[in-house]
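Novice: predicted model and sequence below, questions to follow.
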Amino acid sequence: QFLTELTRLFQKCRLSGSVFITLKKYDGRTKPIPRKGSVEGFEPSDNKCLLRATDGKKKISTVVSSKEVNKFQMAYSNLLRANMDGLKKRDKKSKSKKSKAAQ
Amino acid sequence: MAQYQTWEEFSRAAEKLYLADPMKARVVLKYRHSDGSLCIKVTDDLVCLVYRTDQAQDVKKIEKFHSQLMRLMVAKESRSVAMETD
């Protein structure tokens, strides 16, 4: 679900603008820690991370846990590599403009 | 804010920073197709490390690093080995 949205986000920004992606470790907190005493019924979980993406206007986010990480990573890596292809190639001879027009 | 010229130094410093305090550190990736540039930042809100590139060969390195950190974050036990196939 998130990956489809992310793909669309990249495609939208192809002609202009930036895509921001944030990755952060997540411990399952849904409420802020109260000033005194301990939080009731809260068990911090260690095996999750939060992934966010935005184009400056639209925001999407998802939580990835250790169970999903393998599957998610394969799709996600392919997605990153397929979309971040506007960068210069090392080879001075190749013209990056040509490959852009072909898209 | 520390800008890194070489990927080697950046990835080592960034991983160290994350391992020092996994809960505080975060990774931000900024891609601009119009500029043809990619920028990766790792910060724990005290120290900030940045690496910028416009080279296609760096995309793969950055994407691998990103995945590596993701794995560290979802790993239940904190081990020093970064890559795990579980």
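Specialist: Structure received. Numbering: from 1, shown residues only, chains lettered A, B, ... in the order given.
Novice: and the residue in chain B positioned nearest to chain A, what does it touch?
Specialist: The nearest approach of chain B to chain A comes at B:Met73, 3.7 Å away (CB to the nearest CB). Just so you know, the C-beta spots here come from the backbone N, C-alpha and C atoms, and that holds for glycine as well. Shown in contact with B:Met73 (CB atoms under 8 Å, 6 or more residues apart in numbering or on different chains): A:Leu23, A:Lys24, A:Lys25, A:Tyr26, A:Lys48, A:Cys49, B:Pro22.
Novice: which strands or helices does the longest helix seen in chain A pack on?
Specialist: Longest helix of chain A, by residue count under DSSP state H: helix A:66-83. Helix A:66-83 is packed against helix A:2-12, helix B:56-74, with contacts defined by 3 or more CB pairs under 8 Å, 6 or more residues apart in numbering or on different chains; DSSP states H and E.
Novice: quick one: mean pLDDT for the first one?
Specialist: Along helix A:2-12, the predicted local confidence has a mean pLDDT of 78.
Novice: send the alpha carbons of the helix or strand harbouring B:Tyr31 over as PDB?
Specialist: Assessed by DSSP states H and E, B:Tyr31 sits inside strand B:26-32. Backbone C-alpha positions of strand B:26-32 (Å, rounded to 0.1, in the frame of the first residue of the first chain) are rendered in PDB as follows:
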ATOM      1  CA  ARG B  26      17.200   9.500  12.100                       C
ATOM      2  CA  VAL B  27      18.100   9.300   8.400                       C
ATOM      3  CA  VAL B  28      16.700  11.800   5.800                       C
ATOM      4  CA  LEU B  29      17.000  11.200   2.100                       C
ATOM      5  CA  LYS B  30      16.300  14.100  -0.400                       C
ATOM      6  CA  TYR B  31      16.100  13.400  -4.100                       C
ATOM      7  CA  ARG B  32      15.700  16.100  -6.700                       C
END
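Novice: list the helices and strands that strand packs on?
Specialist: In terms of contacts (3+ CB pairs under 8 Å, 6+ apart), strand B:26-32 is packed against strand A:18-26, strand B:37-43, helix B:56-74.
Novice: residue farthest from the centroid of chain B?
Specialist: Here chain B reaches farthest from its C-alpha mean at B:Ser34, the gap being 22.7 Å by CA atoms, centre = their mean.
Novice: ok, that one touching A:Leu87?
Specialist: No: B:Ser34 is beyond contact range of A:Leu87, at 11.9 Å (criterion: CB atoms under 8 Å).
Novice: next up, the contacts around A:Asn78.
Specialist: A:Asn78 neighbours (CB under 8 Å, 6+ apart): none.
Novice: right, I'll call it a day here.
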